[in-house]
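Participant: Sequence and computational prediction follow.
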Amino acid sequence: MSRARQPPLVTGISPKEGLAWTKVTIRGENLGTGPADLIGLSICGHNCLLTAEWMSASKIVCRVGPAKDDKGEIIVTTKSGGLGTSTVSFKLLKPERIGILDQSAVWVDEMNYYDMRTDRNKGLSPLSLRPTNPLGIDIDKGKIPQKDMEQTFPGMTGDFTSENFSAAWYLIENHSGSSFEQLKIAANNLKKQANKKNEGSLAYVKGGLSTFFEAQDALAAIHQRLESDGTERVEGSMTQRLENILNRASDTADTLFQEVLGRKDKADSTRNALNVLQRFKFLFNLPLNIERNIQKGDYDVVINDYEKAKSLFGNTEVPVFKKVYSEVEMRITALRTLLLEKLLQTPSTLHDQKRYIRYLSDLHAPGDPAWQCIYAQHKWILQLMQNCRDEFISGQRVGVGALELEGDTRSSALSRLGHTSSLKRGGSLRTPRPSTWRYESPQQVQFVEKLSDVVIGQLPNFWKLWISYVNGSLFSETGEKSGQVEKSKKNARQRQNDFRKMIEEVTNRLVKLIRGALLNGTLPPHEQSLYGGWESKADLTGQWMTQIIHTVRGCHEALSALEIPNDLLQVIQDLLVDLRVQCLVVTLLHTTEDIKRLAEKEDWVVDNEGITSLPSQFEQCMVQMLQSLKEPLEIKPGEINVLQVDQVQDQAAELSVKIMRVFISCLDHLSTKTDAEISATRNIAVDLSSPDRFSAIHEDFSHTAVSRTVVLFPVSALVNTAEVPLTISVIVTNVSVEAVRELDRKLFDAYIERRADPIAGALEPGIYAGYFDWRDCQAPTGVRNYLKEALVNIIAVHAEVFTVSKDLVPRVLSKIVESVADEMCRLMQCVSSFSKHGALQARLEICALKDAIAPYLNSKSIVSFKHSLDTLPQLPSGADKKLLEELLNKFKSSMQLQLTCFQPSSIQPIKR
């Protein structure tokens, strides 16, 4: 008969040697088509079929029996392939035999030992000794409260090790979100685990079958021998003899092994004691382990170990266990005290506070540690704020360096003028600080910045701690199961008003301390001594008040970013309003004082443009004032416009008008100074032809009066372009423009009188120099020097005025020309008669003067020149007219360079 498959062939075995009942894995080829096809398996001549477990056609697992041969082949027999062969062998090791009287250090493992050191940084929960996931699928914890489960399944539990285990409870609690397919997989996993347990029991029976068969064979032989003997139990029978022999053997064994058995009993008792210590060594070592872990700061390990001990031995009645457990409780009580001290210790970080609260919650500390921490932090913040004020008042904070917090890099007030960037969520109040800041900030500015740093640094964590207390995020999973979260939320609802009062007290303390330093008069009398005491400190300027407003605004924005209710921050808004008003008033008052001192600073030294420093100094004062007012007048979200308050608007308008009046008074004072009072004067020496020509120019022709006049023009420009409310601008402009115009007229008349009188007064001496007579003179050959000298003096005035402001040239020269024309008219009318040559000379000089200054003729001067010409006799012949025209052209040609300044193309129309 032919076989369908090849004979089995064993090519490997693992391990290759071992004691009897060693589990081995056999590998090879054609080892059968299934468990039913395997009909024989021998190792070293011993039949191992009963322990064999067919895995595949190339793998069989079995146990080696107690064979007689030390080494032998592995033979597999199958129905389909028949008797097989082997290319490998197995070596059977013989166990060392111990005599009945020999002592042996043998440890009998009487329990399943679980390694407690799987994680040195985390305690072992009692639940870790149970299978964590018996279904073998992902656990999906439901959110059904524990109370609801207890009401739905009364008297039952979801603990699968309990006698009252409810499968429905367990599935709802751990697999409420699992799909039906996953639950089918879980059912198959349970079936596999049950099959493995049955197979393990069957394997145990298979491993001891040979011993059972040997005992059965021996009993069967004895029974057969007794049946063949056919005798009953009578004296002298084989059975009686066998009983006697056995009794004597028992007595002899008792005599021989009494000492050995005694040692055995003692060893058993010792083993039992060691077994107890081994089984309960966790409890016995726990007090010492708690102390060590506390010293190392491993509070998580202590809490986990305590929970484990509490679940195992919390209700024990064994005296020794109760004694050890009492020591554990004593150490846990000390740990609670230690953690509470650390929790209430200040300063501390928010992370540490949450950690200690969670520890105390897991240890079931009495009271409400979270609220105790909140209360302690509140008192500490108030104390920090008060200490900050006391240290500045007592003089301990003499330098800015003592105030700086670690990493503080806030900029100075001067470097942040006009900077009003808002502090957004997650943003920072701090900007780079210059090196000179350390020596510039007054004590009040340092105090406000330090106080703001304290509030901004501490209040956010204080608020976040409260939010965590409200939403129950301070507690661990253990706290959630024990109901700590619900209890915390209930306590938070009851203490919400108390916490609101805490925040209100902090903000009120902040405001009162700042008011005491800057606005002490706004505090009630009984609080001025408590929060004031800054009288010895210097008053602040508007720039430093601007810095303080910026700091307080940053503090308010930082607190608003925490979503603190606006009504709790309203006191800070009210403080900002008062600070802005104070800054406005102080800035205007200081500007007034600075402008008063401008008259003392005027040195009358002109620059390249012919202007003294007075206009730029006034403009600088105004610009600094406007820069200082930019921060207090800026309206942030939630703030009011302080100038919409009638009282503030009236006060600001009054002070602004006072500034303009003070400056006008300063100009008036300077304009009335005599030359002897002016410490330095500079004369403009204009030489238009030669070094000693026109020596008749007066040496006292200085441009100081023009400098005093021209300064008025940038004044009105500043008032009109300043970023101040329209109402204030209108009031200031209306009041100041009238005063400025009056001063302008006064200065202008004084200057015209000072410049025009010398020029007009020099005409008459010049005309009659050398005993000149209009009735007896020679034929004219050109314009005489006196007229040229008058023109040069007019040119000098033009140069003086044009250097300061070309817009003033037409206004000034028209008045000068008017005075000169009027004087010429008077002089011509005083002449009784003219000769022919005298009339021609007079007409030549009048026409030359009129043509030279024609761009600056006004109606009065034109009338004066007309009357002058009407006074003269008419030219009788055309030759005289031709000569007059030739002489005029000659004059204009010789004076062309000098008369260029009078050309209309070089003159801008005056802007008035």
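Facilitator: Alright, I've got the coordinates.
Participant: and Ser814, how far is that from Phe902?
Facilitator: To Phe902, Ser814 is 12 Å away according to CB to CB, to the nearest Å. Where C-beta positions appear, they are placed from N, C-alpha and C, glycine not excepted.
Participant: Could you pull out the residues contacting both of the two?
Facilitator: The contact sets of Ser814 and Phe902 overlap at Tyr856 (CB atoms under 8 Å, 6 or more residues apart in numbering).
Participant: On the three-state scheme, Gln6 is what?
Facilitator: Secondary structure for Gln6, judged by DSSP: H, G, I helix; E, B strand; the rest coil, is coil.
Participant: Let me know the next secondary structure element after the longest helix seen in the chain.
Facilitator: With secondary structure taken from DSSP state H, the chain has its longest helix at helix 238-296. In the C-terminal direction, the helix or strand that comes right after helix 238-296 (DSSP states H and E) is helix 299-313.
Participant: and that following helix, what other elements does it pack with?
Facilitator: When contacts are defined as 3 or more CB pairs under 8 Å, 6 or more residues apart in numbering; DSSP states H and E, helix 299-313 sits against helix 238-296, helix 319-344, helix 350-362.
Participant: which other helices and strands contact the longest one?
Facilitator: Taking 3+ CB pairs under 8 Å, 6+ apart as contact, the helices and strands that helix 238-296 lies on are helix 209-229, helix 299-313, helix 319-344.
Participant: same check, this time on the shortest one
Facilitator: Using 3+ CB pairs under 8 Å, 6+ apart as the contact criterion, the neighbours of helix 350-362 among helices and strands are helix 299-313, helix 319-344, helix 369-394, helix 443-471, helix 477-481.
Participant: Quick one: closest of those to Glu563.
Facilitator: Glu563 lies closest to helix 443-471 among the helices and strands packed on helix 350-362, at 8.4 Å (CB to CB).
Participant: mind saving the C-alpha coords of stretch 319-330 as CSV?
Facilitator: What follows is stretch 319-330 as a C-alpha-only set of coordinates in CSV (Å, rounded to 0.1, in the frame of the first residue of the first chain):
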residue,chain,number,x,y,z
PRO,A,319,-3.0,42.9,65.8
VAL,A,320,0.4,43.0,64.2
PHE,A,321,-1.0,44.5,61.0
LYS,A,322,-3.0,47.0,63.0
LYS,A,323,0.1,48.1,64.9
VAL,A,324,2.2,48.6,61.7
TYR,A,325,-0.7,50.3,60.0
SER,A,326,-1.1,52.8,62.9
GLU,A,327,2.6,53.7,62.4
VAL,A,328,1.8,54.3,58.7
GLU,A,329,-1.1,56.6,59.7
MET,A,330,1.1,58.5,62.1
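Participant: Which one of the helices and strands packed on helix 350-362 lies nearest to Ser179?
Facilitator: Proximity to Ser179 (CB to CB) singles out helix 477-481 among the helices and strands packed on helix 350-362, at 25.5 Å.
Participant: Now that closest one: average pLDDT?
Facilitator: Averaging pLDDT along helix 477-481 gives 56.
Participant: Stretch 81-94 now?
Facilitator: Mean predicted lDDT for stretch 81-94 stands at 90.
Participant: Convert the C-alpha atoms of that stretch to PDB, please.
Facilitator: This file holds the C-alpha atoms of stretch 81-94, laid out as PDB (Å, rounded to 0.1, in the frame of the first residue of the first chain):
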ATOM      1  CA  GLY A  81       3.800   8.900   6.800                       C
ATOM      2  CA  GLY A  82       4.500   6.000   9.100                       C
ATOM      3  CA  LEU A  83       7.600   5.700  11.200                       C
ATOM      4  CA  GLY A  84       9.900   8.600  10.900                       C
ATOM      5  CA  THR A  85      13.600   9.200  11.400                       C
ATOM      6  CA  SER A  86      15.700  11.800  13.200                       C
ATOM      7  CA  THR A  87      18.900  13.700  12.400                       C
ATOM      8  CA  VAL A  88      19.300  15.100  16.000                       C
ATOM      9  CA  SER A  89      19.300  13.600  19.500                       C
ATOM     10  CA  PHE A  90      18.300  14.700  23.000                       C
ATOM     11  CA  LYS A  91      20.400  14.300  26.100                       C
ATOM     12  CA  LEU A  92      18.500  13.400  29.300                       C
ATOM     13  CA  LEU A  93      20.100  14.800  32.400                       C
ATOM     14  CA  LYS A  94      19.800  12.800  35.600                       C
END
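Participant: Pull the contacting residues for Gly177.
Facilitator: By CB under 8 Å, 6+ apart, the residues touching Gly177 are Asp140, Gly142.
Participant: 10 Å instead, please
Facilitator: Taking CB atoms under 10 Å, 6 or more residues apart in numbering as the criterion, Gly177 is in contact with Asp138, Ile139, Asp140, Lys141, Gly142.
Participant: Pop out the phi and psi values for it.
Facilitator: Main-chain dihedrals, Gly177, degrees, to the nearest 10: phi -100, psi 10.
Participant: how about TSV for the helices and strands packed on helix 350-362, with distance to Ile595 added?
Facilitator: Putting those into TSV (distance: least, CB to CB, whole Å) gives the following:
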stretch	distance to Ile595
helix 299-313	69
helix 319-344	58
helix 369-394	33
helix 443-471	25
helix 477-481	69
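Participant: And those helices: which comes nearest Arg754?
Facilitator: If you check each of these against Arg754 by CB to CB, helix 443-471 wins as the nearest, at 50.5 Å.
Participant: Now do the SS call for Trp54.
Facilitator: Assigned by three-state DSSP, the conformation of Trp54 is strand.
Participant: And it, how far from Val76?
Facilitator: To Val76, Trp54 is 10 Å away according to CB to CB.
Participant: Between these two, which contacts overlap?
Facilitator: By CB under 10 Å, 6+ apart, the residues touching both Trp54 and Val76 are Leu31, Gly32, Leu38, Leu41, Ile60.
Participant: Just to be sure, which of the residues you listed are found in strands?
Facilitator: Leu38, Leu41, Ile60 (DSSP state E).
Participant: The second one bridge partners, please.
Facilitator: Right, Leu41. When bridges are called by DSSP bridges, Leu41 pairs up with Val76.
Participant: Could you report the neighbour count for it?
Facilitator: When counting by other CB atoms under 10 Å, one arrives at 26 neighbours for Leu41.
Participant: In terms of pLDDT, where does it sit?
Facilitator: We have a pLDDT of 92 for Leu41.
Participant: from memory it sits against Ile74, does it?
Facilitator: Yes: counting by CB atoms under 10 Å, Ile74 is a contact partner of Leu41 at 7.8 Å.
Participant: Walk me through the domains of this protein.
Facilitator: Domain segmentation of the chain under the TED database yields 9-92, 133-178, 241-344, 365-395+442-535, 539-676+703-748, 769-901.
Participant: I'd like those domains written out as TSV, with distance to Ala221 added.
Facilitator: Below are those laid out as TSV (distance: least, CB to CB, whole Å):
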stretch	distance to Ala221
domain 9-92	20
domain 133-178	49
domain 241-344	13
domain 365-395+442-535	66
domain 539-676+703-748	95
domain 769-901	147
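Participant: Quick one, which of those domains gets closest to Tyr356.
Facilitator: Tyr356 lies closest to domain 241-344 among the domains of the chain, at 4.0 Å (CB to CB).
Participant: what about that closest one, start to end distance?
Facilitator: In domain 241-344, first residue to last residue: 89 Å (CA to CA, to the nearest Å).
Participant: Please compute how far that domain lies from its chain's middle.
Facilitator: With CA atoms, centre = their mean, to the nearest Å as the basis, domain 241-344 stands 55 Å off its chain's centre.
Participant: thinking again about what came up before, shared neighbours of Leu41 and Ile74, anything?
Facilitator: Both Leu41 and Ile74 are contacted by Pro8, Val10, Ile26, Cys48, Ile60, Cys62, Gly84, under the criterion CB under 10 Å, 6+ apart.
Participant: Output the residues you listed in TSV; the columns should cover neighbour count, secondary structure and distance to Gly367.
Facilitator: Converted to TSV, these look like this (neighbours: other CB atoms under 10 Å; DSSP: H, G, I helix; E, B strand; the rest coil; distance: CB to CB, whole Å):
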residue	neighbour count	secondary structure	distance to Gly367
Pro8	29	coil	77
Val10	24	strand	75
Ile26	26	strand	69
Cys48	22	coil	70
Ile60	26	strand	68
Cys62	23	strand	66
Gly84	23	coil	79
